[in-house]
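> With the sequence up front, the predicted model follows.
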Amino acid sequence: MALLNTLIADRDGTALNVPVSSDGEADYLRRLQQGGLCLLAEEIDMLLGFQSVERLGPELGEIGTFIRQESRGQGVGRLLLEETRRWAQGEGITTLLAAVVLHNERGQRAYRAWGFTEASAGPPENLGHAPNGVLLELRAD
């Protein structure tokens, strides 16, 4: 929650613009337990970042990646994605969608460097994305 609220306050790396509460995050994590995933990257008791996947359908998930400013550019996101892809494959998820706000050019570059491309179809109704964003997808090979 603290990392996410720092990114929200700095308007850096997230489309969220209202601070999250502990109750709100607990509710989100409970939803993820219904077929989703949340991975943490830590180093000596410090959270470097996290990545979550919310299942949108049997073969579809929405991914979010949140990395502490000081930890960016060090491969944290890529390592999280490697684990996320292994998990998704085991869960039968063939497509991960990433909705990235337009002003987050660094986030768009990161997802593209990880193999994401422009989504071939419009967003599903249950995708929680900002209207002023880019929808990227990563399909299983």
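That came through fine.

> Then residue 89 would be within a helix, right?
Yes. Assigned with DSSP: H, G, I helix; E, B strand; the rest coil, residue 89 falls within a helix.

> Now for it: which residues touch it?
Applying Cβ atoms under 8 Å, 6 or more residues apart in numbering, we find residue 89 in contact with residue 140. C-beta here means a position set from N, CA and C on the backbone, and glycine is covered the same way.

> Could you report the distance from it to residue 139?
Using Cβ to Cβ, to the nearest Å, residue 89 is found at 12 Å from residue 139.

> again, but for residue 41
24 Å.

> Kindly report the same for residue 110.
From residue 110 to residue 139 the distance is 18 Å (Cβ to Cβ).

> the more surrounded of the two?
Counting neighbours by other Cβ atoms under 10 Å for residue 110 and for residue 139 shows that residue 110 has the greater number, 21 against 13.

> Where does that one fall, secondary structure wise?
Using DSSP states H and E, residue 110 falls within helix 105-113.
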